[in-house]
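Participant: Predicted model, plus sequence, below.
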Amino acid sequence: MSMQDNISDMISRVKNAGIASIKEISIPNSKMKASVAAVLKEEGYITDYSIEGSGVVKNLLIKLKYHNKSPVIDGIKRVSKPSCRIYCASADIPKIRNGLGIVILSTPSGVISGKKAAALNVGGEILCYVW
């Protein structure tokens, strides 16, 4: 069975692993998922990520980050879906939890956080909110 929304699957797995206090998760790899994981690492929400496997079958291994036995990722929400794409201009990038969270965007400059997109003055598709 083919999966319709890969990013939503990744978000669900990260959210469920945080609730279950699992240190590492392994998900099927894609370039978009690896880019989202790179943004999460850059912003300090996960410890590390790596791509394991060879050939066609590769997995993305994500190591979650915890502080005082609670996950650093308190919440993560998918915004733009395959059925309804949500876009924003550089001036309209939303603030999550009054600046305590981040928004992850898919822009012409790649998958980047909202702060970086505002600095580069680019807009794009809102992938998810993380807080």
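Facilitator: In hand now; what should we look at? Numbers count the residues shown, from 1 in each chain.

Participant: The nearest residue to residue 72 once chain neighbours are set aside and residue 111, how far apart?
Facilitator: Once flanking residues are discounted, residue 72 sits nearest to residue 65: 4.3 Å by C-beta to C-beta, 6 or more residues apart in numbering. The way it works is simple: take the backbone N, C-alpha and C, and place the C-beta from them, glycine included. As judged by C-beta to C-beta, to the nearest Å, residue 65 and residue 111 stand 19 Å apart.

Participant: The two: which is more packed in?
Facilitator: Per other C-beta atoms under 10 Å, whichever of residue 65 and residue 111 has more neighbours is residue 111, with 22 against 17.

Participant: Quickly list what the more buried one is bridged to.
Facilitator: Per DSSP bridges, residues listed as beta-bridge partners of residue 111: residue 106.

Participant: What's the per-residue pLDDT of it here?
Facilitator: The pLDDT attached to residue 111 in the predicted structure is 98.

Participant: Report the separation between it and residue 66.
Facilitator: For residue 111 relative to residue 66 (C-beta to C-beta), the value is 24 Å.
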